[in-house]
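> sequence first, predicted model second:
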Amino acid sequence: MLAPALRNYKLSSRSGTVCIQCCYLLFQELDQNNVSWKIYYSLTAGGCTDQDGDCGQGGHSNDYPVTTFADFSYSTKYLYENPQHAPCNPPTIGSQQAVGDASDAFCIDINHIAPIDHYMSDVANNKLPSYAFIETAYGHSDLTRISPHAMRRNRI
């Protein structure tokens, strides 16, 4: 049985602060209960032009994932910078092997954090985890812009 913090996730995510805390607890709860999960990211540091800090501090490899999960200290179990190319700590592997990063400047566990193109492959191969989270590239990959008027009229 999952802990109450996980079961109440949707109910307690009313503000950004609470949601961030819930997300942090969510992935720990999933791990502690042996529930499979994966974050599929859509944006890397090389494609990030965000000015409000959502893309991190900078200085990352161009292939470094831009994901909210990286804001939490718990994420270093699955994703961290490695500019000195030291051996990665399992379960992570070098970014060159994992995602083709020429600079091999970070370590990543692609069983938990993977590029969005892995999503369709996981669907096709019936390998989706129990919990999948798609980290979109807000403002970077929006194909269409829907006006508030159209949303009200069409109830989108």
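Sure, I can see it. Numbers count the residues shown, from 1 in each chain.
> contact partners of the helix or strand harbouring Tyr80?
Assigned by DSSP states H and E, Tyr80 belongs to strand 79-81. Strand 79-81 is contacted from outside by 60-61, 64-65, 67, 69-70, 92, 105-109, 113, using CB atoms under 8 Å, 6 or more residues apart in numbering. (Glycine included, C-beta is placed from N, CA and C.)
> redo those as CSV? Include distance to Lys127.
As requested, those are arranged in CSV below (distance: CB to CB, whole Å):
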residue, distance to Lys127
His60, 28
Ser61, 26
Tyr64, 24
Pro65, 19
Thr67, 20
Phe69, 20
Ala70, 23
Thr92, 19
Ala105, 27
Phe106, 24
Cys107, 22
Ile108, 18
Asp109, 15
Ile113, 15
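> farthest-separated two in these?
Farthest apart among the contacts of strand 79-81 by CB to CB are Phe69 and Ala105. That separation is 18.3 Å.
> and the strands in this protein?
Along the chain, counting by DSSP state E, strands occupy 37-41, 79-81, 93-94, 106-108, 113-115, 131-135.
> any idea which of these is most buried?
Highest mean neighbour count among those (mean count of other CB atoms under 10 Å): strand 106-108, with a mean of 25.
> rewinding a little: can I get the strands of the chain in a markdown table including distance to Val123?
Below are the strands of the chain laid out as a markdown table (distance: least, CB to CB, whole Å):
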| stretch | distance to Val123 |
| --- | --- |
| strand 37-41 | 11 |
| strand 79-81 | 23 |
| strand 93-94 | 23 |
| strand 106-108 | 21 |
| strand 113-115 | 13 |
| strand 131-135 | 9 |
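> wait, which of those is closest to Gly100?
When these are compared by CB to CB, strand 113-115 sits nearest Gly100, at 9.5 Å.
> contacts for that closest one, please.
Residues lying outside strand 113-115 but in contact with it, judged by CB under 8 Å, 6+ apart, are Lys38, Ile39, Tyr40, Tyr41, Pro65, Thr67, Phe69, Tyr78, Leu79, Val99.
> try 10 Å
The contact list for strand 113-115 (CB atoms under 10 Å, 6 or more residues apart in numbering) reads 37-44, 63, 65, 67, 69-70, 75, 78-79, 92, 98-100, 108, 121-122, 133, 135.
> number of residues surrounding Ala124?
8 (other CB atoms under 10 Å).
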